[in-house]
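Colleague: With the sequence up front, the predicted model follows.
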Amino acid sequence: MKQHRKKRLLNILLISSLSGAGVLMVLYALNTNLDYFFTPSEIISKELPKNKRVKVGGMVLEGSVERDSSNIKFVITDYQESISVQYAGIVPDLFKEGSGVVALGYIDKNGLKAEKILAKHDENYMPPALKD
Amino acid sequence: MLREIINTVIKKFIHQFASPKTYFLQVKRLYPWVFYISIAIYVVAITWGLLFTPKDFVQGNSYRIIYFHVPASFIAQSLYAAMAFSSAVYLIWKVKLAAYLSRSIAPVGATVTLIALISGSIWGIPTWGTWWEWDARITSTLILFIMYLGLISLHNSFNNFEKADKLFSYLAIIGFIQIPIIKKSVDWWSSLHQPASITISDKPSIDPVMLYPLFLSIIGFSGLVACLVILSSKVQIYKREKNKNWIKDYV
C-alpha cells in the first residue's frame, strides 16, 4: 500500500476507533438505564420510590394465575424473587404460565398494580408436534 | 517481482471495474439475471414459508411474518456494513465508484430498515400485545433508519459532490459502531425483543422445516435488494457523469 493511502487508512481507523470508544463509554455509563424492565430481584433490592411507574419483567409463575371476571392476578418471578401483579383487562394471547411477561404499573404494598401487560416470547420456533 | 505483478493486476482490475462506464455496462448485462433468479427464489421461499410450513408451537400462524421481518432486518444491517466498507474504499483509494455506491446504498438501506420496523410492529401486535415499545432493539433499529436518512440529507445539502462524498463517507464509517450495538442490544440489556435465533456459535433455535424457507427468503430478498442498489447506483452515475460522452450515448 502506498504511503499516503496507508496514512488515510490509519486516519480512518483512528477516527472510527475513537468515536467507537466514545459511544461504548456512553453506553457503559448508561448501563442499566437502557434496560427495558426490572427483574423482581432488582425491584426488591433497590427499593424503588413509590408512585413511580415501573416495568417488571420475568416469568409468569406456574400455577399462580387467578382469573376473576376481567381481573387477573399472577406472580412474576425470576426464580429468585417474585412480585404479585394485579391487572384489570385483557392480556395478550401469548400470556401463559411459565412464559415471559412484562408488566407496567405502580408498586404498592400488595405488589404491582399493572396498567399494561405485554407478553414476551423466546427465540425458539418449532412445530407443535415436536414440542416435547 | 511478485509484488509488481500483484500491483499491476490490482491496478488493472480496479481501474477497469472501478470505472463507472465498465460498471454501468457490466451491471446492465447482469441485472436481468439477478432480478429473475432472485424473484423466483423469493416467490418460492414466501410460498413455502406461508403455506407449506407447520404452525409454531407458541405463536401459531403469526410467526410466519418472520419470512419478511428477518430478511429485512438482516439486510438493513448488512447494507449499512457494505456502505461503510465502500466508504472506506473511497476514502483510502479515492475510487469514485465506491462513493457512488455508498450514496446509492443509503436510500435502499432506509427503505429496507423501514420494512423491518413495520413488519416488526405488525408482528408485535399479536405476540407482545403492542406495536411499539422503546426497548433497546427497536430503538436502535429506529436510530439506524434515522442514520440512513441523515446521511442522505447530509449528502443532498452540498452542491459539491466531492465534499459531500467525503463527509458522507466519514460519517457512514463512524456510524458503523451502531451495527454491533443493534446486534448485541438483546444480550446487553433486558428487552421485549427475544435474543437471536440464528447465531454463528450455536445451532439455530428454529426448527429445520421453518429454517430452510427462511434461508431461501433471505437469499431471494438479498438479490432483490441488490437490484435496487444497482438501479440506485445507475441514478448516481447518471447524476455525476451526465456530461460525459459515453453516457450521452445511452440517454
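Modeller: Nice, thanks for sending it over. Numbering: from 1, shown residues only, chains lettered A, B, ... in the order given.
Colleague: And the residue nearest to the spatial centre of chain A, how far from chain B?
Modeller: Centroid-nearest residue in chain A, with CA atoms, centre = their mean: A:Phe37, separated by 3.7 Å. Distance of A:Phe37 to chain B, given as CB to the nearest CB, to the nearest Å: 5 Å. C-beta coordinates here come from the backbone N, C-alpha and C atoms, glycine included.
Colleague: Next, give phi and psi for that residue.
Modeller: The phi/psi pair for A:Phe37 (degrees, to the nearest 10) reads phi -150, psi 170.
Colleague: Quick check: nearest residue in space to it, chain neighbours excluded?
Modeller: Excluding its sequence neighbours, the residue lying closest to A:Phe37 (CB to CB, 6 or more residues apart in numbering or on different chains) is A:Gly57, at 3.4 Å.
Colleague: doesn't B:Thr111 fall inside a helix?
Modeller: Yes: using DSSP: H, G, I helix; E, B strand; the rest coil, the assignment for B:Thr111 is a helix.
Colleague: I'd like the distance between it and B:Val225.
Modeller: Distance of B:Thr111 to B:Val225, computed by CB to CB, to the nearest Å: 9 Å.
Colleague: neighbour count winner among these two?
Modeller: Using other CB atoms under 10 Å in any protein chain shown, the more surrounded residue of B:Thr111 and B:Val225 is B:Val225, with 23 against 18.
Colleague: Distance-wise, check the nearest residue to that one once chain neighbours are set aside relative to B:Ala136.
Modeller: Spatially, and ignoring its direct neighbours in sequence, B:Val225 is nearest to B:Ile75 (5.4 Å; CB to CB, 6+ apart). Using CB to CB, B:Ile75 is found at 21 Å from B:Ala136.
Colleague: now A:Glu97
Modeller: Counting by CB to CB, the gap from A:Glu97 to B:Ala136 is 27 Å.
Colleague: neighbour-wise, which of these two wins?
Modeller: B:Ala136 (23 against 14).
Colleague: Now for B:Ile10, how many residues are close by?
Modeller: Neighbours of B:Ile10 (other CB under 10 Å): 11.
Colleague: Work out for me the element it sits within.
Modeller: Assigned by DSSP states H and E, B:Ile10 falls within helix B:2-17.
Colleague: elements contacting that helix?
Modeller: If contacts are counted by 3 or more CB pairs under 8 Å, 6 or more residues apart in numbering or on different chains; DSSP states H and E, helix B:2-17 sits against helix B:20-51.
Colleague: model confidence over the helix it packs on, on average?
Modeller: Helix B:20-51 carries an average pLDDT of 94.
Colleague: quick one: buried residues of it?
Modeller: B:20, B:23-24, B:27, B:34-35, B:38, B:41-42, B:45-46, B:48-49 (16 or more other CB atoms under 10 Å in any protein chain shown).
Colleague: Equivalent analysis for stretch B:141-161, please.
Modeller: Under the neighbour-count criterion of 16+ other CB under 10 Å, stretch B:141-161 has B:141, B:143-145, B:147-149, B:151-152, B:155, B:161 buried.
Colleague: Extract the CA atoms of the lowest-mean-pLDDT helix or strand in chain B and return them as CSV.
Modeller: One helix or strand of chain B scores below all others by mean pLDDT, DSSP states H and E: helix B:2-17, with a mean of 76. Extracted as CSV, the C-alpha positions of helix B:2-17 are listed here (Å, rounded to 0.1, in the frame of the first residue of the first chain):
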residue,chain,number,x,y,z
LEU,B,2,5.8,-10.7,-7.4
ARG,B,3,4.8,-7.5,-5.8
GLU,B,4,4.9,-5.7,-9.1
ILE,B,5,2.7,-8.4,-10.7
ILE,B,6,0.2,-8.1,-7.9
ASN,B,7,0.3,-4.3,-8.2
THR,B,8,-0.4,-4.4,-11.9
VAL,B,9,-3.2,-6.9,-11.5
ILE,B,10,-4.8,-4.8,-8.8
LYS,B,11,-4.4,-1.7,-10.8
LYS,B,12,-5.8,-3.2,-13.9
PHE,B,13,-8.8,-4.7,-12.0
ILE,B,14,-9.6,-1.7,-10.0
HIS,B,15,-9.1,0.7,-12.9
GLN,B,16,-11.3,-1.4,-15.2
PHE,B,17,-14.1,-2.4,-12.9
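Colleague: so where's chain B uncertain?
Modeller: Applying pLDDT under 70 to chain B picks out residues B:14, B:16, B:251.
Colleague: longest helix in it, by residue count?
Modeller: With secondary structure taken from DSSP state H, chain B has its longest helix at helix B:208-241.
Colleague: what angle separates that helix from helix B:20-51?
Modeller: Between helix B:208-241 and helix B:20-51, the angle comes out at 150 degrees (axes from the mean of the first three to the mean of the last three CA atoms, to 10 degrees).
Colleague: same for whichever helix or strand comes after helix B:208-241, what does it pack against?
Modeller: Proceeding C-terminally, helix B:208-241 gives way to helix B:245-248 as the next helix or strand, assigned by DSSP H and E. Using 3+ CB pairs under 8 Å, 6+ apart, the elements in contact with helix B:245-248 are helix B:20-51, helix B:208-241.
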